[in-house]
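Engineer: just need the structure, nothing else, for what follows:
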Amino acid sequence: MTKSELISSLANSYPQLLVKDAELTVKTILDALTTALAEGQRIEIRGFGSFGVNVRPPRVGRNPRSGEKVMVQEKRVPHFKAGKELRERVDIVALKEKKTD
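Structural biologist: Numbers count the residues shown, from 1 in each chain. Purely as a prediction, here's the structure:
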């Protein structure tokens, strides 16, 4: 699902919301999540999952073209871990699809 599909789905589910309001809502939520992760905070949404920041230590890499050694600096990367309820729901749907094949 893309951001625009999420906005459309939200607007369709709640007819009292204008598409413009749904777009602002989605943008506000995503901006809040992005800001929290950028500050190194952990985000937990019950029944869905949690977002956190993992630190990848510096390492020696290789340039694939020349084979030359290159120092890769430390990185902070976002990480998502699905919650139990989400994993179970995805598994149930996958099992249903498998049985119909």
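Engineer: for residue 53, list the residues it contacts.
Structural biologist: Counting by C-beta atoms under 8 Å, 6 or more residues apart in numbering, residue 53 touches 37, 40, 42, 76, 77, 78, 79. Quick note: C-beta positions are derived from backbone N, CA and C, even for glycine.
Engineer: now with 7 Å, please.
Structural biologist: The contact partners of residue 53, taken as C-beta atoms under 7 Å, 6 or more residues apart in numbering, are 37, 40, 76, 78, 79.
Engineer: and residue 74, by the same measure?
Structural biologist: 55, 56, 57, 58.
Engineer: phi and psi next, for it.
Structural biologist: As for residue 74, its main-chain torsions (degrees, to the nearest 10) stand at phi -60, psi 140.
Engineer: any idea what the residue nearest the centre of the chain is bridged to?
Structural biologist: Compute the mean C-alpha point of the chain, and by C-alpha atoms, centre = their mean the closest residue is residue 80, 6.1 Å away. Counting by DSSP bridges, residue 80 is bridged to residue 51.
Engineer: how close does it sit to residue 100?
Structural biologist: From residue 80 across to residue 100, the span is 29 Å (C-beta to C-beta, to the nearest Å).
Engineer: residue 79 now?
Structural biologist: 33 Å.
Engineer: kindly report the same for residue 23.
Structural biologist: 36 Å.
Engineer: which of those two has more neighbours?
Structural biologist: residue 23 (18 against 6; other C-beta atoms under 10 Å).
Engineer: how about that one, what does it touch?
Structural biologist: The contact partners of residue 23, by C-beta under 7 Å, 6+ apart, come to residue 7.
Engineer: where does the chain dip in pLDDT?
Structural biologist: 101 (pLDDT under 70).
Engineer: what sits against residue 49?
Structural biologist: Residue 49 makes contacts with 80, 81, 82, 83, 86, as judged by C-beta under 7 Å, 6+ apart.
Engineer: quick check, the second one in contact with residue 50.
Structural biologist: Yes. Checked against C-beta atoms under 7 Å, the pair residue 81 and residue 50 is within contact range at 5.3 Å.
Engineer: and the strands in the chain, which stretches?
Structural biologist: Using DSSP state E, the strands found in the chain span residues 43-45, 49-56, 59-62, 69-72, 75-82.
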